[in-house]
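Engineer: build me a model:
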Amino acid sequence: MSAPPPPCSSPPVVTVVTVTGAIDLATAPHLRTRLDAVPDRGTVVDLAGVTLLAAAGLTVLLELHHRLHRAGAQLVLLSPPAHVRRVLVATGLDTALAMTPAVTEAVELAAAPARRSAFGHRSHQPRNQSRHLGEWQET
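Structural biologist: Take a look at the predicted model:
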């Protein structure tokens, strides 16, 4: 008699959302509606095609970040262009939101459960990612 096969485990499911164009006061409500439909699980938001990230867009991304963290999930920003990274750095959000230029790393980070930081909120810092704009390696 042979032993039963080991239980199968499926890889974690990650949601990937691609955002393009300007995210400003006019477009943020539509983006919020779309992101509200994202399940509470690891999520990658591809920002490579974003031409403008205004305060209203930052608010929408932070709302998603907070919702996912309350659910124990991770938000990762993929390939934010230099002008978007400048906004994130200027507002200090580069330290709160995980970012990476690599798709594989973004999916891995999003699939990992969020951890509690010293400040009481969940945090997961990307590996091998520079927070300094001058050191960001474009791929």
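Engineer: looking at it, residue 35 is touching residue 18, isn't it?
Structural biologist: No - contact criterion Cβ atoms under 8 Å: residue 35 and residue 18 do not qualify, at 12.0 Å. (Each C-beta comes from the backbone N, C-alpha and C, glycine too.)
Engineer: the two - which one has more neighbours?
Structural biologist: residue 35 (20 against 12; other Cβ atoms under 10 Å).
Engineer: contacts only, for residue 59.
Structural biologist: Listed by Cβ atoms under 8 Å, 6 or more residues apart in numbering, the contact partners of residue 59 are residue 28.
Engineer: next, find the distance separating it from residue 27.
Structural biologist: From residue 59 across to residue 27, the span is 12 Å (Cβ to Cβ, to the nearest Å).
Engineer: burial count for residue 39?
Structural biologist: 11.
Engineer: need phi/psi at the nearest residue to it once chain neighbours are set aside.
Structural biologist: Residue nearest to residue 39 in three dimensions, not counting chain neighbours: residue 15, with 6.2 Å by Cβ to Cβ, 6 or more residues apart in numbering. The phi/psi pair for residue 15 (degrees, to the nearest 10) reads phi -90, psi 130.
Engineer: burial check on residue 15, number of neighbours?
Structural biologist: Residue 15: 18 neighbours (other Cβ under 10 Å).
Engineer: and the pLDDT at the spatially most central residue of the chain?
Structural biologist: In the chain, the centroid-proximal residue (Cα atoms, centre = their mean) is residue 76; its distance is 1.9 Å. Residue 76 is assigned a pLDDT of 97 by the prediction.
Engineer: for residue 73, give its distance to residue 51.
Structural biologist: Distance, residue 73 to residue 51, by Cβ to Cβ: 28 Å.
Engineer: in terms of neighbours, single out the busier of the two.
Structural biologist: Using other Cβ under 10 Å as the criterion, residue 73 and residue 51 rank with residue 73 on top: 26 against 12.
Engineer: so that one is in contact with residue 40, correct?
Structural biologist: Yes - applying Cβ under 8 Å as the test, residue 73 and residue 40 come out as touching, 5.8 Å apart.
Engineer: quick check: bridge partners of residue 77?
Structural biologist: Beta-bridge pairing for residue 77 (DSSP bridges): residue 45, residue 99.
Engineer: many thanks, we can stop here.
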